[in-house]
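[1] Here you go, sequence then predicted model.
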Amino acid sequence: MSKKKKFAFAAALTGAAAAALTAGMYIRQEAAKRKPFEIEEMTITGMQKALKLGQVTSKDLVQMYLDRIDLFDKKGPQLNAVIEINPDALHEAEACDVRRTVTPEIGPLFGIPVIVKDNINTAGKMHTTAGSVALANHRAVEDAFVIKQLKKAGAIILAKANLTEFANFITEGMPNGYSSLGGQVLNPYGASFDVGGSSSGTAAAIAANLGAVGVGTETSGSIICPAAYNSLVGIKPTIGVVSRRGIVPISHSQDTAGPIARTVQDAVLLLNAITGMDEDDEETIWSQGDVAKDYTVYLKRGELKNARLGIDRRYLDSVSDEKAVIINRALDLMREKGAIIVDPAIIPSTDSLEGRESSVMIQEFKYDLNQYLEKLPEDVPVHNLSELIAYNEAHADKALKYGQTLLEKAEKLSGDLGSRDYLADRAEDLRLSQKEGIDAVIKTRKLDALIFADYQGSDIAAKAGYPSITVPAGYTSDGEPIGITFVGMAFSEPRLIELAYSFEQTTQHRVKPSL
């Protein structure tokens, strides 16, 4: 090679090296400009974007949440929201990361860490205890249907959440968030604030950013109440939208699982994942024609305009004056956005329902719980309600800090769901809550939904089997959260989502707790 050619080659080589160096510096500079990934208040969409860009892995997400659980749940403020960590969570996250490299078409929950209430069966190494020392060693032989749906969507079960024991159907006078096995859950906005029940651990965990989203359960207010008290979004679906199979029961007439999340969109993404027909839950079979295939299409802004929203002010009587002011401000804001507030919108059956004692829940509790307990493995010490009561009495120092009055009351009943009294009460519950209750006011006043403060109105919606969605509405002067709840008739989730999302996007009230 001539000197001239050698010089040209060397020059080209030097230029290529310089270009490579320059490109490398640019990449490093751009990387340096990127903000570090912040897990706090991160949405599912934000997580998926970061996962796609390679900013984080699912394993990173799991580890970040595990670090926060250690820092805030077990130490620091000791929220006590998490009752058990999934020992395989990091391994499952690694598997998601591998699969993501070869399967580009994944759903929104793929590789996302989810916390589930500990009355929902999880097969494998984790326990399902309902917060009871009597079920401390119970490992379910099969996942609940909602867990199967979550795994099908690629979600990672990060942990089980503490709860009010047996979903707050063990005794009277027990504080929300207490279980004999898990202890007392604290509200991350302030230990003096009620954390809500019975999905208290799920709500406290999601509010404190210990998981991406959570699954709670409700019989009467147990999703809506803790969501409202922890400045979260909670969706209690119509009975039949989500399967109850594999969930420790109270009342099959009213039980359902549902999402608890920091945003309406996240709650809707989770709702999409857990819905589906279950051949072993006949309610889901009957309702399939009424269940939306994709609830995300109802995430629309501006849906408050011309919406007719009713409020029965008698339900504000038990709310503090300051909270009532916050709700009134919310109503004024909705008027500004074009909503028609029908005030008052009287629910005709309210007075008849107030103080009425129905046998439905407690009769169904004995029947349904016995059905659940009798299927438990032999190494679990209780297999019916009578054995559960006896076990608690024998371990009263741990099991009966607040007693078991509801268990004892239920045991005295027949549990016969064919009895005349039970059937009459069930018919009366439906008549007063549906035809002469929610249906009556919504139809006669041509309403899109009813509005309540916090969890007020949960009882009538629960008896009817109707849906509710709560959204953060603000905070009192001392920082206590308050929610505003939209209630509709059966399978009105699409309209409720539109209203809740529009309100959320207009107000953006949620502020993370200071831990």
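    Structure received.
[2] tell me the SS of Ile260?
    Here Ile260 is recorded as strand under DSSP: H, G, I helix; E, B strand; the rest coil.
[3] repeat for Val116
    Assignment for Val116 (three-state DSSP): strand.
[4] Report the contact partners of it.
    Thr122, Val146, Ile147, Leu150, Ile157, Ala159, Lys160, Ala161, Thr202, Gly214, Val215 (Cβ atoms under 8 Å, 6 or more residues apart in numbering). Every residue, glycine included, has its C-beta placed from N, CA and C.
[5] The fourth one falls within a helix, correct?
    Put plainly, it is Leu150. Yes. Under three-state DSSP, Leu150 sits within a helix.
[6] How many residues are close by Arg314?
    With neighbours defined by other Cβ atoms under 10 Å, the count for Arg314 comes to 14.
[7] ok, Tyr422 to Leu53 distance?
    In this view, Tyr422 and Leu53 are 57 Å apart by Cβ to Cβ, to the nearest Å.
[8] Could you save the contacts of Val116 as TSV and add columns showing pLDDT, distance to Leu385 and neighbour count?
    TSV is the format used below for those (pLDDT from 0 to 100; distance: Cβ to Cβ, whole Å; neighbours: other Cβ atoms under 10 Å):
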residue	pLDDT	distance to Leu385	neighbour count
Thr122	98	23	23
Val146	98	24	28
Ile147	98	25	26
Leu150	98	30	25
Ile157	98	29	23
Ala159	98	28	29
Lys160	99	23	26
Ala161	99	24	32
Thr202	99	25	40
Gly214	99	28	35
Val215	99	25	32
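[9] any idea what sits nearest Phe193, other than its immediate chain neighbours?
    Ranked by Cβ to Cβ, 6 or more residues apart in numbering and with sequence neighbours excluded, the top spatial neighbour of Phe193 is Asn187, at 4.2 Å.
[10] these two touch, right, that neighbour and Gly197?
    No. Asn187 is beyond contact range of Gly197, at 11.5 Å (criterion: Cβ atoms under 8 Å).
[11] quick one: which of these two has more around it?
    Asn187 (28 against 25).
[12] Can you name the residues that contact that one?
    Asn187 makes contact with Phe193, Asp194, Val195, Gly196, Ala204, Ala207, Tyr229, Asn230, according to Cβ under 8 Å, 6+ apart.
[13] wait, which of those residues is closest to Gln508?
    Gln508 lies nearest to Ala207 out of the contacts of Asn187, by Cβ to Cβ, at 16.0 Å.
[14] Can you name the residues that contact the closest residue to the closest one other than its chain neighbours?
    Once flanking residues are discounted, Ala207 sits nearest to Asn230: 3.9 Å by Cβ to Cβ, 6+ apart. Listed by Cβ under 8 Å, 6+ apart, the contact partners of Asn230 are Asn187, Pro188, Tyr189, Val195, Gly196, Ala203, Ala204, Ile206, Ala207, Pro481.
[15] In helices, which of the residues you listed fall?
    Secondary structure assignment by DSSP state H places Ala203, Ala204, Ile206, Ala207 of the contacts of Asn230 in helices.
[16] how about TSV for those residues, with neighbour count and pLDDT added?
    Below are these laid out as TSV (neighbours: other Cβ atoms under 10 Å; pLDDT from 0 to 100):
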residue	neighbour count	pLDDT
Ala203	37	99
Ala204	33	99
Ile206	33	99
Ala207	28	99
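[17] Now the two most distant members of the contacts of Val116.
    Val146 and Ala159 (15.4 Å).
[18] Is it possible to get TSV of the contacts of Asn230 that adds distance to Leu135?
    Converted to TSV, those look like this (distance: Cβ to Cβ, whole Å):
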residue	distance to Leu135
Asn187	25
Pro188	27
Tyr189	30
Val195	22
Gly196	22
Ala203	22
Ala204	21
Ile206	24
Ala207	26
Pro481	31
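[19] now, which of the residues you listed sits nearest Val82?
    Taking the contacts of Asn230 together and measuring to Val82 by Cβ to Cβ, the closest member is Ala204, at 9.0 Å.
[20] Tell me who's in contact with that closest one.
    Contacts of Ala204 (Cβ under 8 Å, 6+ apart): Leu79, Ala81, Gly177, Val185, Leu186, Asn187, Pro188, Val195, Pro226, Asn230.
[21] And those, which of them are buried?
    The neighbour count (16 or more other Cβ atoms under 10 Å) marks Leu79, Ala81, Gly177, Val185, Leu186, Asn187, Pro188, Val195, Pro226, Asn230 as buried among these.
[22] Inside strands: which ones of the contacts of Val116?
    Ile157, Ala159, Lys160, Ala161, Gly214, Val215 (DSSP state E).
[23] so how far is Ala261 from the residue found closest to the fifth one once you drop the neighbours it is linked to in the chain?
    Spelled out, it's Gly214. Using Cβ to Cβ, 6+ apart and skipping the chain neighbours, the partner closest in space to Gly214 is Thr202 (3.9 Å). According to Cβ to Cβ, Thr202 stands 10 Å off from Ala261.
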